[in-house]
Structures are given as C-alpha cells and as structure tokens.
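>>> here are the coordinates; sequence isn't available:
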C-alpha cells in the first residue's frame, strides 16, 4: 500500500501530466467511473488556475490572444504547480516563463508587460497604510536619527521596454494604435496601492536609486549619501518632498544617537 505522501505525489503527477491511467488501482470504485471523476477534478484544477492567470495578466492575454494564452497557460501549469494554498499568489514566475518560452522569447515586451502586471497584483494584495506627513517628520527630536518605512505595497520595476505605456494603452480609454510605433526604451517605474487602485510614477535613475535604498531599509542618511556620492546634483529636496506628498512614507522611527 502506498504511503499518503507517495499517493499524493502520484495523484499530483497524474493531474499535471494529464494521465490518470496508472491511478486506476488506487482509486476507490463507486457509483461513477473513478477515472472519469479524476478527469473532472483535473479539468477543474486546470480551469481554475487558468482563470487565475487570466485575471492577473489581462493585458498579456490581449497581447497573445485568448486561445494562445490558454495554450501557454496549460504548458505553464503543467510545469509550475501551485506552491501556496492561496490562488492569488499563483503566477509569480509566469513572466519569467514567458521570457524563456520558445515562441514568446523574441517578443520580450510581452514578458516585460507580464512582470508589470504581476507587480500590480502584488501591490493590490498588500496593505495600504495611512501616509505620514512632513509635519510628523519635523516633530521629532533633533538628537534622533529618523528612519523611514515605505508603503509595503511599493514595487520598483526596471524594464527594457515601455511596459507601462503598453499596459496603459490597453486600459479603458487607452489607444492601442499608439503601440504601432513602439520601440525598445528602458523605463524605471514605481507603483503602489492607493485605496483600491494603483498609482504609478516614472522615475529617473537617481530618484529610483533613492527609493530603492529606502525600500531596502537603508537609513535615510545612508540612502541620501549613496545617491549624492554618485550624482551630487540630485534634487534631494524634491525627491524627499514627493515621498510625503505621494503618501509613500508609512512609518517614521527615530533612533537615538549613542555616545561613548
């Protein structure tokens, strides 16, 4: 008799590879054909995961066409079974899969757009905390070193194609005809959740580096020093003000200076 783990592994492999013939000896017989019941379960699983991918990557679906998207999704699902119980977390490596898939590899803008869509899904699944104000920052003790904690939904994205332009053109009111003149052009994007919607900012390299350092939990002093060391003309005042104006600072913590 198979152990529970061996049985589960055998069923999982049969589901993913669409072959339930070897399961006949271990499936309980009942009123209905056990293989038929297995096929219904397998088809429902694939349909559910495909529906999840369609919901998360609607622009990617439009770029590929629904029929071809469903075909690619079926290949992806067979090779990338869910690793978490929450369906909302399924598809994290779909963009990477598209980048390496033989048919879509030459159209790298599709994988870039899928990466952006996954970051949007991640941001929508993260909490949106009340933003701190500049007044709250100024209220601190002069002897304390401030540390800024950014919104947990903030995502920073560097892409080789104008993925945000592609995504925007496929939204309500967008114009996909503008994409006929699309050319490869790097973009640096910040996106985060604001209530139930997503906010976007296009950033230059210096502003991106500043946000990236803060997001990696560098101290404000270290983040400023890192950017100014490379680009002394960086407009720190504008970047710092934008943090608070956009509600990107979720928490301010002050660390007392220690003296020997």
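Everything's here; your move. Note that this is a predicted model, so its numbers are computed, not measured.
>>> name the spans of the stretch 151-260 of the chain whose pLDDT lies under the cut-off.
Scanning the stretch 151-260 of the chain for pLDDT under 70 picks out 257-260.
>>> for it, which segments are assigned as strands?
For the stretch 151-260 of the chain, the strands defined by DSSP state E, counting those that start in this stretch occupy 155-159, 187-194, 197-202, 249-256.
>>> how about the nearest residue to the residue nearest the centre of the chain, chain neighbours excluded?
Nearest residue to the geometric centre of the chain (CA atoms, centre = their mean): residue 119, 2.4 Å. Nearest non-adjacent residue to residue 119, counting by CB to CB, 6 or more residues apart in numbering: residue 155, 4.2 Å away. (Each C-beta comes from the backbone N, C-alpha and C, glycine too.)
>>> wait, what's in contact with the one you found?
119, 122-123, 190-192 (CB atoms under 8 Å, 6 or more residues apart in numbering).
>>> and if we set it to 7 Å?
Residues counted as contacts of residue 155 (CB atoms under 7 Å, 6 or more residues apart in numbering) are 119, 122-123, 191-192.
>>> go on, residue 250?
With contact taken as CB under 7 Å, 6+ apart, residue 250 is in contact with 129, 131-132, 149-152.
>>> give me the neighbour count for the nearest residue to residue 69 once chain neighbours are set aside.
Leaving aside its chain neighbours, residue 69 sits nearest to residue 61 (4.5 Å; criterion: CB to CB, 6+ apart). If you count neighbours by other CB atoms under 10 Å, residue 61 ends up with 21.
>>> buried stuff in the one helix or strand residue 61 maps to?
Using DSSP states H and E, the element containing residue 61 is helix 58-64. Neighbour-count burial for helix 58-64, with 16 or more other CB atoms under 10 Å as criterion, is recorded at 59-61, 63-64.
>>> mean confidence (pLDDT) on stretch 47-64, please.
Average pLDDT, stretch 47-64: 96.
>>> contacts made by it with the rest, please.
Around stretch 47-64, the neighbours that count as contacts under CB under 7 Å, 6+ apart are 69-70, 72-73, 77, 87, 90-91, 94, 110, 113-114, 117-118, 121, 166-167, 170.
>>> cool, and stretch 211-222?
Contact with stretch 211-222 is made by 145-148, 150, 154, 156, 190, 223, 226, as judged by CB under 7 Å, 6+ apart.
>>> just the buried residues of that stretch, please?
Buried residues in stretch 211-222 (16+ other CB under 10 Å): 211-215, 218, 220.
>>> what separates that stretch from the chain centre, distance-wise?
How far stretch 211-222 lies from its chain's middle: 21 Å, per CA atoms, centre = their mean, to the nearest Å.
>>> with stretch 144-155 instead?
Taking the mean of its C-alpha atoms, stretch 144-155 sits 20 Å from the chain's own mean (CA atoms, centre = their mean).
>>> next one: stretch 44-62
15 Å.
>>> for that stretch, which positions count as buried?
Those would be 45-46, 49-50, 52-54, 56-57, 59-61, for stretch 44-62 by 16+ other CB under 10 Å.
>>> let me know how buried residue 229 is, in neighbour terms.
Considering only other CB under 10 Å, residue 229 is surrounded by 9 other residues.
>>> what sits closest to residue 105 if chain neighbours are left out?
Take residue 105 and drop its neighbours on the chain: the residue closest to it by CB to CB, 6+ apart is residue 99, 6.7 Å away.
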